[in-house]
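Engineer: Give me the fold of what follows.
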Amino acid sequence: MSSGADRASLLLAIEEHFGRLDVLVNNAGIAPRVRADILEAHEESFDELIATNLKGPYFLTQAVAAWMIRQRATDPSVHRAIINISSISATVASVNRGDYCISKAGIAMATRLWAARLAEHGIGVYEVRPGIIESDMTAGVRDKYDALIEGGLLLEKRWGTPDDVGRAVRVLATGELPYATGAVLVVDGGLTLERL
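Structural biologist: Residues are numbered from 1 along each chain as shown. Have a look, this model is predicted:
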């Protein structure tokens, strides 16, 4: 995702195979190789996360948006959407992985920017903001989050699943949530709901 040549190659393969592109889901995301306090974090980790989690999706969206605009000129009735997968880390600070948080905060702003820019072309842009999701990325902190969930961190006392995120994406990809460009769907089991 961080390579412009690889992004171009991906789009060429899609065009050759399908001839069109109506939905983009920017789901690329890596965690830091080492969770480090922001006082001790390394520049290499920051560069890697920004390149993969933010720069790649930003410029892939740019290329896809241009393609979608060209397609719309000949077929304006088709629903087209760009969906960015961010994280609750876009707004919830984790000082032991600041680079990840910054990359996801950037995706949240990119969603707003692209929604504002592409609305005139009938392309909806959305953000899905997952919470604690069972995945390879969270496997190493399983015990930590099991304890937090048991202790009441979430309103829904369970891990989120990729299927939970996929269902939110499907609603946006199929146009089942019209009149909502720029919307953020939070899929976090109530983690970020403010409460007393």
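Engineer: longest single helix anywhere in the protein?
Structural biologist: Of all the segments assigned as helix in the chain under DSSP state H, the longest by residue count is helix 98-118.
Engineer: Can you list the residue ranges for strands in the chain?
Structural biologist: 23-26, 80-85, 123-130, 184-187 (DSSP state E).
Engineer: will you turn the ones you listed into JSON lines that also has mean pLDDT and mean neighbour count?
Structural biologist: For the C-beta atoms, the positions are set from N, CA and C on the backbone; glycine is no exception. Converted to JSON lines, the strands of the chain look like this (pLDDT from 0 to 100; neighbours: other C-beta atoms under 10 Å):
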{"stretch": "strand 23-26", "mean pLDDT": "98", "mean neighbour count": "22"}
{"stretch": "strand 80-85", "mean pLDDT": "98", "mean neighbour count": "24"}
{"stretch": "strand 123-130", "mean pLDDT": "98", "mean neighbour count": "25"}
{"stretch": "strand 184-187", "mean pLDDT": "98", "mean neighbour count": "18"}
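Engineer: which strands and helices sit next to the lowest-mean-pLDDT helix or strand in the chain?
Structural biologist: The helix or strand of the chain with the poorest confidence is helix 142-150; it has a mean of 94 (mean pLDDT, DSSP states H and E). Helix 142-150 is packed against no helix or strand, with contacts defined by 3 or more C-beta pairs under 8 Å, 6 or more residues apart in numbering; DSSP states H and E.
Engineer: Beta-bridge partners for the most centrally placed residue in the chain, please?
Structural biologist: Closest to where the C-alpha atoms of the chain average out (C-alpha atoms, centre = their mean) is Ile85, at 1.6 Å. Beta-bridge partners for Ile85, by DSSP bridges, are Val128.
Engineer: quick one, what contacts it?
Structural biologist: 25-27, 29, 107, 127-128, 130, 165, 169 (C-beta atoms under 8 Å, 6 or more residues apart in numbering).
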